[in-house]
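Chemist: need a 3D model of the sequence below.
(2 chains)
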Amino acid sequence: MSAEPILTVRNLRCTIGGQQVVEDVSFDVPATGITAVLGRNGVGKTSTLRGILGLVSRRGEVRLAGERIDGMPTHRIVRRGVGYVPEDREVFSKLTVAENLALAERQRAPRREFVAELFPDLVARRDQAAGTLSGGQQQMVSVARALLNDNRLLLVDEPTKGLAPKIVTEVADALEEASKTVPILLVEQNLEVVRRLADDAVVIAGGRVAHVGKARDILDDEDLTRRLLGVHVEHAA
Amino acid sequence: MSTLVLTLITGVGLGALYFLVASGLSLIYGLMHVLNFAHGAFLTLSAFVGWMVAQALGTDSWGSFLLSLLVGAGVGAVFATLTELVLIRPLYERHIEQVLVTVGLSFAAVALFEGIWGTDPVHISGPSWLKQTTDVLGARIPNTYWVLMIAAVLVLAALVLFLQKTRYGMIIRAGVENRSMVTALGIDVRRSFTLVFAIGGAAAGIGGVLAMHYSTFVSAHLGQTLLIFAFIVTVVGGLGSLTGAAVASVLVAVLQQFANFYLGGTGDFIVVILLALVLLVRPTGLLGKRA
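Modeler: So this is what the prediction gives:
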């Protein structure tokens, strides 16, 4: 692992509509692998990602590869090499699949072939309105938009939420493949997916970082998962 | 029969004029959620400058008529662009303040225009063909209505082509659906805001010059009078829907003309009743999307 983190977050505070949703979050994202952000519902995981990207009002310090980005507007942060897969996909429903992907292309030679190999179904449906796709196909569009460019970091928010088990596996496969070339900060409620994909994990509770460590260590700690995540994890014998 | 045809075709022609003004309003609201009360000022200034161009080159020539249309579109686009950059951009996401500043600009613009061109209407006569009529099934249709219809169809076609076939059009369509996600793809959506204002201003500018020929005069209040109906059309069609604005323009204007002729000049009253009905029964408008 590289010594320098790709993302450094210090004392991040986010507000939405005047209400503080992230109290004081500090953590690092290593330059390789997948780092999971874990926590119960409503603790501020999504807001943390949106705060990093400047999509919600935020204070604190955020550095991408050493460069401060917390004062930049969202589009500039993204152009510095941050891909974003939002919660609930947020595809442009009236635009076709091809138009959704074309909008995301930021570089002269976008990685269309890589995306086509990962999601061949999208190639076949390129002229279909994205709003008429199934939830799983919309998630593929959402992930594909982030993978079209050579990013330095991906922010991925609950990519398997509400998907059928087969599609969960496909999305997880795509993220695993992507993580070979780009570090990922992943918010995910499906702990089996986290166990499979994540190297490191940051646990948020009450708008603050409650624990940082190796993902498997956290998931193997029954007391920790029950206390901070509110779940009981069944371990394989 | 001829009265029916006359009322119907003049209604469609008036609807074409409403659409030229409402198309910009609808695009601006759809992307930026800005209710632009200064839109009438774009129209009025374009009409005055178009009048000056026509006066300078000769009011009865088609060349000066077409040039005044082009200049009017340019003036509307420049005025709208400056408005967006100087007044709207510093107030992004502050919708009440944006409404207040556009209302203020509309009042200030009227006072300025009265200061420059006076308080009395300035009369104009265009090419002689515009003063003539064309017979359709026994009805004598003033030729200005045909020009309004042709201009509206061309503007609608140009807007549809722009929105469907260009990258900026794609960005605007995506931005109407989900502005923050467009930004999250690395796109500076503010450029699209400025462009949409410029396009809306250009359409209003064309509408201003044609409204001047339709009324045969221009005054400092020309834009404000038309803006009321353009807003009604935009709301009835569905805020942010270009197709809705086109359909509602024709519907509102035809209804207005029929009410004026057959119900004793109650056209404006009937239009307000229609607006109230749409707001009560279908608040999103005919083709608007649900929030």
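
Chemist: residues contacting residue 140?
Modeler: As the question left the chain open, I've gone with chain A. By CB atoms under 8 Å, 6 or more residues apart in numbering or on different chains, the residues touching residue A:140 are A:119, A:121-122, A:170-171, A:174. Heads up, the C-betas are built off the backbone N, CA and C, glycines and all.

Chemist: meant chain B actually
Modeler: B:2, B:6, B:133-134.

Chemist: and it, backbone torsions?
Modeler: phi -100, psi 100 (degrees, to the nearest 10).

Chemist: pairing partners for it in the sheet, please.
Modeler: Beta-bridge pairing for residue B:140 (DSSP bridges): residue B:135.

Chemist: and it, how far from residue B:10?
Modeler: 11 Å (CB to CB, to the nearest Å).

Chemist: now the helices for chain A?
Modeler: With DSSP state H as the criterion, chain A has helices at A:45-53, A:74-79, A:97-104, A:112-118, A:120-124, A:135-147, A:165-178, A:191-197, A:215-220, A:222-224.

Chemist: among the ones you listed, which is the most enclosed?
Modeler: helix A:45-53 (a mean of 25; mean count of other CB atoms under 10 Å in any protein chain shown).

Chemist: which helices and strands does that helix pack with?
Modeler: If you count contacts as 3 or more CB pairs under 8 Å, 6 or more residues apart in numbering or on different chains; DSSP states H and E, helix A:45-53 packs onto strand A:7-16, strand A:19-29, strand A:34-38, strand A:57-64, helix A:74-79, strand A:82-85, strand A:153-157, strand A:184-187.

Chemist: so, in contact with chain B or not, the fourth one?
Modeler: No - Strand A:57-64 lies out of reach of chain B by CB under 8 Å from any CB of the partner chain, never closer than 10.3 Å.

Chemist: buried sites along that strand?
Modeler: Neighbour-count burial for strand A:57-64, counted by 16 or more other CB atoms under 10 Å in any protein chain shown, picks out A:58, A:60, A:62-64.

Chemist: would you turn these into CSV with distance to residue B:76 and pLDDT?
Modeler: Formatted as CSV, these follow (distance: CB to CB, whole Å; pLDDT from 0 to 100):
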residue, distance to residue B:76, pLDDT
A:58, 39, 95
A:60, 44, 96
A:62, 42, 97
A:63, 45, 97
A:64, 42, 97
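
Chemist: which of the residues you listed sits closest to residue B:216?
Modeler: residue A:58 (57.4 Å; CB to CB).

Chemist: so the closest one bridges to which residues?
Modeler: Bridge pairing for residue A:58 - DSSP bridges - gives residue A:14.

Chemist: separation between the residue of chain A at minimum distance from chain B and residue B:25?
Modeler: For chain A and chain B, the shortest gap (CB to the nearest CB) falls at residue A:78, measuring 3.6 Å. Distance of residue A:78 to residue B:25, given as CB to CB: 31 Å.

Chemist: over to residue B:247?
Modeler: Distance, residue B:247 to residue B:25, by CB to CB: 15 Å.

Chemist: neighbour count for the two, which is higher?
Modeler: The neighbour comparison of residue B:247 against residue B:25 (other CB atoms under 10 Å in any protein chain shown) goes to residue B:25, with 27 against 20.

Chemist: what number of residues lie near the residue nearest to residue A:49 when sequence neighbours are not counted?
Modeler: Among residues not flanking residue A:49 along the chain, residue A:155 sits closest, at 4.9 Å (CB to CB, 6 or more residues apart in numbering or on different chains). By the criterion of other CB under 10 Å, residue A:155 has 26 neighbours.

Chemist: bridged to the residue nearest the centre of chain A, which residues?
Modeler: Note on chain A: the residue nearest the mean C-alpha position is residue A:156, at 1.3 Å, using CA atoms, centre = their mean. On the basis of DSSP bridges, residue A:156 is bridged to residue A:85, residue A:186.

Chemist: got the contact list for it?
Modeler: Taking CB under 8 Å, 6+ apart as the test, what residue A:156 contacts is A:84-85, A:143, A:146, A:175, A:184-188.

Chemist: and it, what's its pLDDT?
Modeler: Looking at residue A:156, its pLDDT is 97.

Chemist: OK, contacts around the residue nearest to residue A:49?
Modeler: A:49, A:52-53, A:82-85, A:184-185.

Chemist: again with residue B:64
Modeler: B:53-54, B:56-58.

Chemist: closest to residue B:180 among the residues you listed?
Modeler: Closest to residue B:180, out of all of those and judged by CB to CB, is residue B:53, at 42.3 Å.

Chemist: need phi/psi at that closest one.
Modeler: phi -60, psi -50.

Chemist: for it, grab the count of nearby residues.
Modeler: Residue B:53: 20 neighbours (other CB under 10 Å).

Chemist: does it touch residue B:69 like I think?
Modeler: No - applying CB atoms under 8 Å, one finds residue B:53 not in contact with residue B:69, separated by 9.2 Å.

Chemist: what packs against the worst-scoring helix or strand of chain A on mean pLDDT?
Modeler: Lowest on mean pLDDT, DSSP states H and E among the helices and strands of chain A sits helix A:222-224, with a mean of 86. Contact partners of helix A:222-224 among helices and strands, from 3+ CB pairs under 8 Å, 6+ apart: none.

Chemist: low-confidence ranges in the chain?
Modeler: Chain wasn't specified; assuming chain A. Across chain A, the ranges flagged by pLDDT under 70 are A:1-3, A:232-237.

Chemist: um, chain B though
Modeler: B:289-291.

Chemist: what does chain B put close to chain A?
Modeler: Counting by CB under 8 Å from any CB, the residues of chain B that sit close to chain A are B:167, B:170-171, B:173-174, B:177-178, B:180-189.

Chemist: apart from its neighbours in sequence, what residue is nearest residue 148?
Modeler: This is for chain A. In space, residue A:148 is closest to residue A:110, 4.5 Å off (CB to CB, 6+ apart).

Chemist: my bad, the chain I had in mind was chain B
Modeler: Closest to residue B:148 by CB to CB, 6+ apart is residue B:16, at 4.2 Å.

Chemist: go through stretch B:60-78 and flag the buried ones.
Modeler: Under 16+ other CB under 10 Å, the buried positions of stretch B:60-78 are B:64-65, B:67-69, B:71-78.

Chemist: same question, stretch B:229-246
Modeler: So for stretch B:229-246, counting by 16+ other CB under 10 Å, buried means B:229-242, B:244-246.

Chemist: what about that stretch, how long is it end to end?
Modeler: 13 Å (CA to CA, to the nearest Å).

Chemist: what's in contact with it?
Modeler: B:18-19, B:21-23, B:25-27, B:29-31, B:35, B:39-40, B:152, B:156, B:159-160, B:163, B:176, B:247-249, B:251-253, B:271-272, B:274-275, B:278-279, B:284-289.

Chemist: how about a cut-off of 7 Å?
Modeler: With CB atoms under 7 Å, 6 or more residues apart in numbering or on different chains as the test, stretch B:229-246 has contacts from B:18-19, B:21-23, B:25-27, B:29-30, B:156, B:159, B:176, B:247-249, B:252, B:271, B:274-275, B:278, B:284-288.

Chemist: could you measure from residue A:142 over to residue B:181?
Modeler: 9 Å.

Chemist: spit out the residues that contact the two alike.
Modeler: Contacts common to residue A:142 and residue B:181, judged by CB under 7 Å, 6+ apart, are A:86, A:90.

Chemist: torsion angles phi and psi at the closest residue to chain A within the stretch 101-250 of chain B?
Modeler: Nearest residue of the stretch 101-250 of chain B to chain A: residue B:186, at 3.6 Å (CB to the nearest CB). Dihedral pair for residue B:186: phi 90, psi 20, per degrees, to the nearest 10.

Chemist: who touches it in this structure?
Modeler: Neighbours of residue B:186 in contact, by CB under 7 Å, 6+ apart: A:75, A:78-79, A:106.

Chemist: near chain B, which residues of chain A?
Modeler: Counting by CB under 7 Å from any CB of the partner chain, chain A comes close to chain B at A:53, A:55, A:74-75, A:78-79, A:84, A:86, A:90, A:92-95, A:99, A:103-104, A:106, A:145.
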